[in-house]
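> sharing a sequence plus its predicted fold:
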Amino acid sequence: LAEAEAAWADLPAPVVRLRAAIPIWRRPWMVLGRDTFAGDLLVRLGVDNAYAGHAERYPRVPVEELRAGGLDLVVLPDEPYRFTPDDGPEAFPARTPVALVSGRHLTWYGPSLAEAPAVLSAALRAAGR
């Protein structure tokens, strides 16, 4: 845990901030809302959760709303729902970058946090961030 703390403490301040939705489930679509661990990690990486001000922690959101949300990015973790290159990105307009990320690095508290900044940052960059 000391390694994880050091990894997150040494992050440079993000140069660019992106507004994103972070779906965590499909059928029905659910996203990260307010006060979530994963949302906090993404903020530290320059990704602002479009639903951080929602009254619920994990609101159900119609996919049409997500598509029309004027998002800079959609972040799709591989857990709790296993979003994959073939299951998830196709739901969003081609102009909206989609980052497929490790759910373990985004949602688990513990030793995986030591490598999480590098793993998550690489996935965000791969999406065109």
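Thanks, I have it. Numbering: from 1, shown residues only.

> give the buried residues for stretch 87-103.
Going by neighbour count (16 or more other Cβ atoms under 10 Å), the buried part of stretch 87-103 is 88-89, 91-92, 96-103. The way it works is simple: take the backbone N, C-alpha and C, and place the C-beta from them, glycine included.

> just how off-centre is that stretch within its chain?
Relative to the centre of its chain, stretch 87-103 is centred 11 Å away, using Cα atoms, centre = their mean, to the nearest Å.

> residue 32: how many residues sit nearby?
Residue 32 is flanked by 28 other residues according to other Cβ atoms under 10 Å.

> which residue sits closest to it, ignoring its sequence neighbours?
Nearest in space to residue 32, with sequence neighbours left out and distances taken as Cβ to Cβ, 6 or more residues apart in numbering, is residue 22 at 4.2 Å.

> immediately after the helix or strand harbouring residue 106, which helix or strand?
Here residue 106 sits within helix 103-107, counting by DSSP states H and E. Following helix 103-107 in sequence order, the next helix or strand is helix 116-126 (DSSP H and E).

> chain center to that following helix: distance?
In terms of Cα atoms, centre = their mean, the centre of helix 116-126 is found 11 Å from the chain centre.

> what of stretch 104-117?
13 Å.

> give me the residues contacting it.
1, 3-4, 6-8, 11, 37-38, 41-42, 44-45, 75, 77, 79-80, 102, 119-120 (Cβ atoms under 8 Å, 6 or more residues apart in numbering).

> can we see that at 7 Å?
Contact partners of stretch 104-117, identified using Cβ atoms under 7 Å, 6 or more residues apart in numbering, comprise 3-4, 7-8, 11, 37-38, 41, 77, 79, 119-120.

> model confidence over that stretch, on average?
The average pLDDT for stretch 104-117 rounds to 93.

> how long is that stretch from one end to the other?
One end of stretch 104-117 to the other measures 12 Å (Cα to Cα, to the nearest Å).

> can you offset everything so residue one is 19?
Sure thing, new numbering starts at 19, so read that last one as stretch 122-135.

> buried stuff in it?
For stretch 122-135, a neighbour-count test (16+ other Cβ under 10 Å) marks 122-125, 131-132, 134-135 as buried.

> for residue 78, give me its contacts.
46-48.
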